[in-house]
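Asker: What follows is a predicted structure for the sequence shown.
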Amino acid sequence: MRRHPELVVSLFLDKLRALQSDAAGRRWVFVPYDQLSDATGPLARQDPRTLGIVLVENPWKATRRPYHKQKLALILTNLRHFALEQAARGVAVRHVVAQGPYRTALEPLVSEFGPMRMMSPAEHELQTDLTPLVQGGDLELLPHEGWLTTAEQFRDGAGSDPPWRMDAFYRHVRRTTGVLMAQGKPVGGKFSFDRENRLSWKGEPPAPEPPTFPVDPIKAEVGRLVEKRFSNHPGRMDLHAVPGTAADADTLWSWARRECLPTFGPYEDAMSVRSRNLFHTRISSLVNIGRLLPRQVVSDVLDADIPLPSKEGFVRQVLGWREFVRHVHRVTDGFRDLPTGRPPIAKIPGDGGYNRWKGRPWAARSLWNDPDGGAQPSSLGGQTPLPPAFWGEASGLNCVDCIIDDVWTEGYSHHITRLMVLCNLATLLDVSPRDLTDWFWAAYTDAYDWVVEPNVLGMGTFAVGDIMTTKPYVSGAGYISRMSDYCENCDFDPQKNCPFTRLYWAFFVRHEGHLRDNPRLGIPIRSLQRRAMADRRHDVRVFSTVRDILFGGGRLTPDNLRDPAG
């Protein structure tokens, strides 16, 4: 461990030193990058005058994957402001910079402070990193109090063994907690208003503009560090869009409650070129690092005077899906332990296609005994590399190109664009699920292994089969056209020649044997069997052509996908 050269002279360090308290006689807690809250765990209960915390900035972690610059700016800004906020309330703060795994930053401090404590890591990767310290008695793991549900609730609601289903888990949690329940029944007569929350958006009501945040000196210094130290990382960095302080987090949440939540429900599944956001709250990045707590946001929404479909839709996302995916990730050891056996494990983190896009490797393997690169399940056998279109090369598909531009502009797009456009295209092309997962992990500011792996390996690509979802979430052009306005300015016509529809049928041609007995897919399988052989042959041709063109970095046009038979 050594100080990073860019931090030798630092406004942040000067401010931190000016606020520091005597470190003697403190009980020390390691606070990782995703537990930045003093409203839960030991930081919420211990007298600040007796508390010391260790915060680690880690270039090794930052360079394991080609993380979006906006993500690096978000985490570093919040970590530094959190350090100053804690020092201001009397907590002793030890800020260190690691050049290797987190354990290499903590090991020297154990001899100085004695054994430390921390709430259990959310990320499997961090847990693996710190295991030697835990096994050696140098780091005591406390329960992670940021979650809303227990392992017992998951077992009792979803079952001890797969397949696990979110709706069963969600109903159980609602019943046992009383959330949105009255006299033992769900408020409004049903547990989910998902079917009501499927309106497309025609421009009314107006979509709100997300708030901006001051670029204070701490954030500006982080911005300079990111541009200098991580200049090879992809994405655009906009510091005005980074909520970095506790006050910024409150500002974002106040905006979301006021401007988004009243209309969130009906337009939850809508997509538009005119608004990246529509009525989504955009709080996931802050919730996933602890700046906003799940219990706080759920409580606030339950108390809010908003329509029930919006209220229930939000609660289902946080109390239902978010909790569900972390339990699945936990009990499967990050999908390393599946009912079908143990899938291959990547030795090192993947770069999500960065090498094929840039023409050079992302980074050499480090000298440390690093955590592995994650499980590589692929129940449908997809092994196609991720196309350069995911890195910004024009695909010719307006929906894809607009969303990819959104992602590399700000590290964000909402959950339907992720699932029904990006994951949909990748699944229809038989892209490697691990490749896509690594891309999501690098590209999105809210992505961590416990959430991105279930969402992409589990739901988005069906890579782990039916253990947590009932079917592959694939669609043709009809769904995208119905739920968005992307098709209006596209070279392809969703009714005539959009390749999404041909890719959809070619997907079922290739995987009919595997999916034939799935009860949720009876309609498309029967429709496929009635589909004319000439159409089926052209479906397969379009699949091969699209895959070859996109993998080669080319652009799709109606001419290069035309049916040679006319």
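Answerer: Good, I have the coordinates. Numbering: from 1, shown residues only.

Asker: Now do the strands in the protein.
Answerer: Ranges of strands in the chain, per DSSP state E, are 27-30, 51-57, 92-97, 116-119, 139-142, 181-182, 185-186, 345-346, 374-375.

Asker: how about those in CSV, adding mean pLDDT and mean neighbour count?
Answerer: Glycine gets a C-beta too; all of them are placed from N, C-alpha and C. Output for the strands of the chain, formatted as CSV (pLDDT from 0 to 100; neighbours: other C-beta atoms under 10 Å):
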stretch, mean pLDDT, mean neighbour count
strand 27-30, 98, 21
strand 51-57, 98, 22
strand 92-97, 96, 21
strand 116-119, 98, 20
strand 139-142, 98, 15
strand 181-182, 98, 12
strand 185-186, 98, 14
strand 345-346, 96, 14
strand 374-375, 98, 26
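
Asker: will you turn these into JSON lines that also has distance to residue 457?
Answerer: What follows is the strands of the chain, written out as JSON lines (distance: least, C-beta to C-beta, whole Å):
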{"stretch": "strand 27-30", "distance to residue 457": "29"}
{"stretch": "strand 51-57", "distance to residue 457": "28"}
{"stretch": "strand 92-97", "distance to residue 457": "32"}
{"stretch": "strand 116-119", "distance to residue 457": "25"}
{"stretch": "strand 139-142", "distance to residue 457": "26"}
{"stretch": "strand 181-182", "distance to residue 457": "33"}
{"stretch": "strand 185-186", "distance to residue 457": "31"}
{"stretch": "strand 345-346", "distance to residue 457": "12"}
{"stretch": "strand 374-375", "distance to residue 457": "7"}
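
Asker: how about those strands, which one is nearest residue 548?
Answerer: Residue 548 sits nearest to strand 345-346 of all those, at 25.6 Å, using C-beta to C-beta.

Asker: How far off centre is that closest one?
Answerer: Here the centre of strand 345-346 is set off from its chain's centre by 20 Å, with C-alpha atoms, centre = their mean, to the nearest Å.

Asker: Check which helices and strands that strand sits against.
Answerer: Secondary-structure packing of strand 345-346 (3 or more C-beta pairs under 8 Å, 6 or more residues apart in numbering; DSSP states H and E): strand 374-375.

Asker: Tell me the gap between the strand it packs on and the middle of its chain.
Answerer: The mean C-alpha position of strand 374-375 is separated from the chain mean by 16 Å, C-alpha atoms, centre = their mean.

Asker: Now do it: which elements does it pack against?
Answerer: By 3+ C-beta pairs under 8 Å, 6+ apart, strand 374-375 packs against strand 345-346, helix 433-443, helix 449-453.

Asker: quick one on the thing from earlier: can you tell which of the strands of the chain is closest to residue 127?
Answerer: Minimum separation from residue 127 across these (C-beta to C-beta) falls at strand 139-142, 8.6 Å.

Asker: Show me what that closest one is packed against.
Answerer: Using 3+ C-beta pairs under 8 Å, 6+ apart: strand 139-142 touches strand 116-119, helix 124-135.

Asker: Show me the contact partners of the last one.
Answerer: Here helix 124-135 makes contact (C-beta atoms under 8 Å, 6 or more residues apart in numbering) with 32, 101-103, 106-107, 110, 118, 120-121, 139-141, 329, 333-334, 370-372, 449-450.

Asker: quick one: buried residues of it?
Answerer: 124, 125, 126, 127, 128, 129, 130, 133, 134 (16 or more other C-beta atoms under 10 Å).

Asker: Adding distance to residue 180, write the helices and strands packed on strand 139-142 out as TSV.
Answerer: TSV is the format used below for the helices and strands packed on strand 139-142 (distance: least, C-beta to C-beta, whole Å):
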stretch	distance to residue 180
strand 116-119	28
helix 124-135	31
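
Asker: what's the closest of these to residue 70?
Answerer: That would be helix 124-135 among the helices and strands packed on strand 139-142, by C-beta to C-beta, at 20.4 Å.
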